[in-house]
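here is the input, now give the coordinates:
(one chain, ligands or ions: 1)
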Amino acid sequence: MWRAVAVRALCGARSGAGAPRAASGAAAAQLRRRLESELEDIRGAGTWKSERVIASRQGPHLRLADGGAGIINFCANNYLGLSSHPEVIRAAVEALEKFGAGLSSVRFICGTQSIHKDLEEKIARFHQREDAILYASCFDANAGIFEALLTPEDAVLSDELNHASIIDGIRLCKANKYRYKHMDMQDLEAKLKEAQKHRLRLVATDGAFSMDGDIAPLREICQLAQKYDALVFIDECHATGFLGPNGRGTDELLGVMDKVTIINSTLGKALGGAAGGYTTGPKPLIDLLRQRSRPYLFSNSLPPAVVGCASKALDLLMESNAIAQSMAAKTQRFRSKMTAAGFTISGKDHPICPVMLGDARLASVMAEDMLNRGIYVIGFSYPVVPKGKARIRVQISAVHSDEDIDRCVEAFTQVGRKHGALP
Ligand code: PLP
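Have a look, this model is predicted:
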């Protein structure tokens with residue numbers, strides 16, 4: 001009898017294996033209809049985001065799963081080319097073998113290994129700060145800091161174009177909220193005056209803004225913060241590892257390392273590109289985050305292989321600034337050649353080089369045609385960027401060769417002429 005049941009169970013399991021099970025019932029059917037209609041709206045609005053499947057490692061040259069090979073990649077945040085650096089990969093494998101696949105635990109229960117402490121110490125040293133705390137992502141670091149730090153007695157002043165994760169983090173906190181116009185110091189000053197009535201003021205800004213490649217006027221922000229007794233927080237996801245003479249970030253580039261109080265950044269872009277984020281700053285703040293920051297307290301520890309990647313990336317950067325410098329030279333080459341060809345490139349000296357086109361359809365058709373010529377770039381249009389400001393965002397990496405960059409400029413010139421973006 002029991003054998004028959006077991007055989008039936010096994011056969012049943014086998015016949016159903018892999019087949020998706022749709023939940024039944026009126027509520028499930030209603031949900032499905034609602035979701036399908038919402039998805040249709042997204043398609044209808046022309047804002048559907050599709051994902052190209054890569055069949056190789058991340059790097060300057062890619063193979064796509066649908067057959068495209070030898071594609072030159074200009075749309076990853078792999079600014080220093082460390083995502084596939086042999087020493088970074090070796091460090092990950094070693095950490096995996098020595099420390100296992102993962103911790104199956106949050107940090108404060110059973111999830112802190114020596115490598116987590118070592119990496120936090122290294123991050124603090126890299127940024128010349130007192131301490132650092134790791135998160136599963138910078139999105140989590142941003143989601144976890146404002147609520148832990150600010151109360152209804154305090155105020156946060158945020159650039160209107162800050163990253164979504166800063167906006168979400170601020171939404172979660174009970175502080176008084178002020179939004180100042182993008183990089184507008186007059187408006188920030190007005191808001192700082194208004195916020196004098198609160199106990200503590202925190203100015204929050206991206207160090208470098210990822211849609212425009214523009215860099216926050218940190219010197220002026222820090223001067224205003226000093227004048228109105230405020231703290232400065234920067235998100236350095238698009239700066240850590242490559243901005244400034246030693247790649248320390250926007251604060252190093254603009255000479256205000258001693259004036260910025262808190263830095264959040266990612267391990268998922270220039271620093272090896274695996275995943276992870278962090279906050280670095282005064283020790284009591286980091287101690288408080290370990291006690292109060294919800295994404296830290298209630299989420300699994302970073303996997304050892306990920307820690308290994310980031311740790312090696314930081315070693316490479318602290319040994320030499322050659323990689324960061326080489327990226328700056330490549331960026332300069334692309335920006336000047338594109339400008340000479342007649343394109344408008346937004347931002348200044350940043351490896352995010354938005355080729356401004358204006359029209360959404362033009363950006364999308366040109367990006368498609370660039371891929372036909374072996375150049376992988378992405379078009380951005382409303383609602384990701386303002387209406388009428390569509391663009392193709394090009395991201396330069398230290399591992400692009402001069403020839404890669406020249407091929408990209410050449411393809412842009414041909415495609416731009418074909419579609420009327422150039423005379
Ligand atoms: N902040 C900025 C400015 C970003 O661009 C990103 C990622 O796109 C994040 C935060 C989130 O970083 P992570 O990928 O580590 O969650």
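
strands of the stretch 1-150 of the chain, residue ranges please.
61-62, 71-73, 131-135 (DSSP state E, counting those that start in this stretch).

how about the ones you listed in CSV, adding distance to the ligand, mean pLDDT and mean neighbour count?
C-beta coordinates here come from the backbone N, C-alpha and C atoms, glycine included. Converted to CSV, the strands of the stretch 1-150 of the chain look like this (distance: least, C-beta to the nearest ligand atom, whole Å; pLDDT from 0 to 100; neighbours: other C-beta atoms under 10 Å):
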stretch, distance to the ligand, mean pLDDT, mean neighbour count
strand 61-62, 20, 96, 19
strand 71-73, 17, 96, 21
strand 131-135, 8, 98, 24
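
I'd like the ones you listed as JSON lines, with distance to Ala190 appended.
Shown next, in JSON lines, are the strands of the stretch 1-150 of the chain (distance: least, C-beta to C-beta, whole Å):
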{"stretch": "strand 61-62", "distance to Ala190": "47"}
{"stretch": "strand 71-73", "distance to Ala190": "43"}
{"stretch": "strand 131-135", "distance to Ala190": "33"}
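
of these, which approaches Ala155 most closely?
strand 131-135 (23.6 Å; C-beta to C-beta).

show residues contacting that closest one.
107, 116, 119-121, 123-124, 141, 144, 276-283, 286-287, 289-290, 293, 295-296, 299, 301-302, 307 (C-beta atoms under 8 Å, 6 or more residues apart in numbering).

ok, now with 6 Å
120, 123-124, 141, 277-280, 283, 286, 289, 295-296, 302 (C-beta atoms under 6 Å, 6 or more residues apart in numbering).

which among those residues end up buried?
120, 123-124, 141, 277-280, 286, 289, 295-296, 302 (16 or more other C-beta atoms under 10 Å).

Asp235: what's it in contact with?
Counted by C-beta under 6 Å, 6+ apart, Asp235 has contacts 163, 166, 206, 264.

and Ser326, by the same measure?
By C-beta under 6 Å, 6+ apart, the neighbours of Ser326 are Ala398.

am I right that it is in a helix?
Yes: when DSSP: H, G, I helix; E, B strand; the rest coil is applied, Ser326 is found to be in a helix.

least trustworthy helix or strand in the protein by mean pLDDT?
helix 2-16 (a mean of 47; mean pLDDT, DSSP states H and E).

circling back to that earlier point, nearest to Leu39, of the contacts of strand 131-135?
Pro295 (28.6 Å).

hang on, isn't the closest one packed against Gly144?
Yes: Pro295 is in contact with Gly144 according to C-beta atoms under 6 Å; the separation is 4.2 Å.

give me the phi and psi for Asn176.
phi -70, psi 130 (degrees, to the nearest 10).

now the one 4 residues further on
Listed backbone geometry of Tyr180 is phi -100, psi 150, with angles given as degrees, to the nearest 10.

check Thr280 too.
According to degrees, to the nearest 10, Thr280 has phi -130, psi 140.

which ones are touching it?
123-124, 127, 129, 132, 263.

and the helices in the stretch 151-300 of the chain?
Using DSSP state H, counting those that start in this stretch, the helices found in the stretch 151-300 of the chain span residues 164-172, 185-194, 218-227, 250-253, 283-292, 294-297.

want to throw those helices into JSON lines with mean pLDDT?
Output for the helices of the stretch 151-300 of the chain, formatted as JSON lines (pLDDT from 0 to 100):
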{"stretch": "helix 164-172", "mean pLDDT": "98"}
{"stretch": "helix 185-194", "mean pLDDT": "98"}
{"stretch": "helix 218-227", "mean pLDDT": "98"}
{"stretch": "helix 250-253", "mean pLDDT": "97"}
{"stretch": "helix 283-292", "mean pLDDT": "98"}
{"stretch": "helix 294-297", "mean pLDDT": "98"}
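
ok, which of those helices comes nearest the ligand?
helix 164-172 (4.6 Å; C-beta to the nearest ligand atom).

and the closest one with the ligand, contact?
Yes: against the ligand, helix 164-172 shows contacts by C-beta under 6 Å from any ligand atom at Ser165.

again, but for stretch 219-235
Yes: interface with the ligand: stretch 219-235 contributes Asp235 (C-beta under 6 Å from any ligand atom).

residues contacting the spatially most central residue of the chain?
Nearest to the geometric centre of the chain sits Cys237, at 5.3 Å (C-alpha atoms, centre = their mean). By C-beta under 6 Å, 6+ apart, the contact set of Cys237 is 138, 265-266, 269.

distance to the ligand added to these, as a markdown table?
Output for the contacts of Cys237, formatted as a markdown table (distance: C-beta to the nearest ligand atom, whole Å):
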| residue | distance to the ligand |
| --- | --- |
| Cys138 | 3 |
| Ser265 | 8 |
| Thr266 | 3 |
| Lys269 | 7 |
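
surely Ala398 is in contact with Leu80?
Yes: taking contacts as C-beta under 6 Å, Ala398 lies within contact range of Leu80: 4.9 Å.

what touches both of the two?
Contacts common to Ala398 and Leu80, judged by C-beta under 6 Å, 6+ apart, are Ile323.

ok, these two, which is more surrounded?
Leu80 (27 against 24; other C-beta atoms under 10 Å).

backbone phi and psi for that one, please?
According to degrees, to the nearest 10, Leu80 has phi -110, psi 0.

pretty sure it is touching Ala270, no?
Yes: using C-beta under 6 Å, Leu80 is in contact with Ala270, at 4.9 Å.

which residues do those two both contact?
Common neighbours of Leu80 and Ala270 (criterion: C-beta under 6 Å, 6+ apart): Gly241.

please identify the residues of the stretch 151-300 of the chain in proximity to the ligand?
So the stretch 151-300 of the chain meets the ligand at 163, 165, 206, 210, 235, 237-238, 266, 268, 277 (C-beta under 6 Å from any ligand atom).
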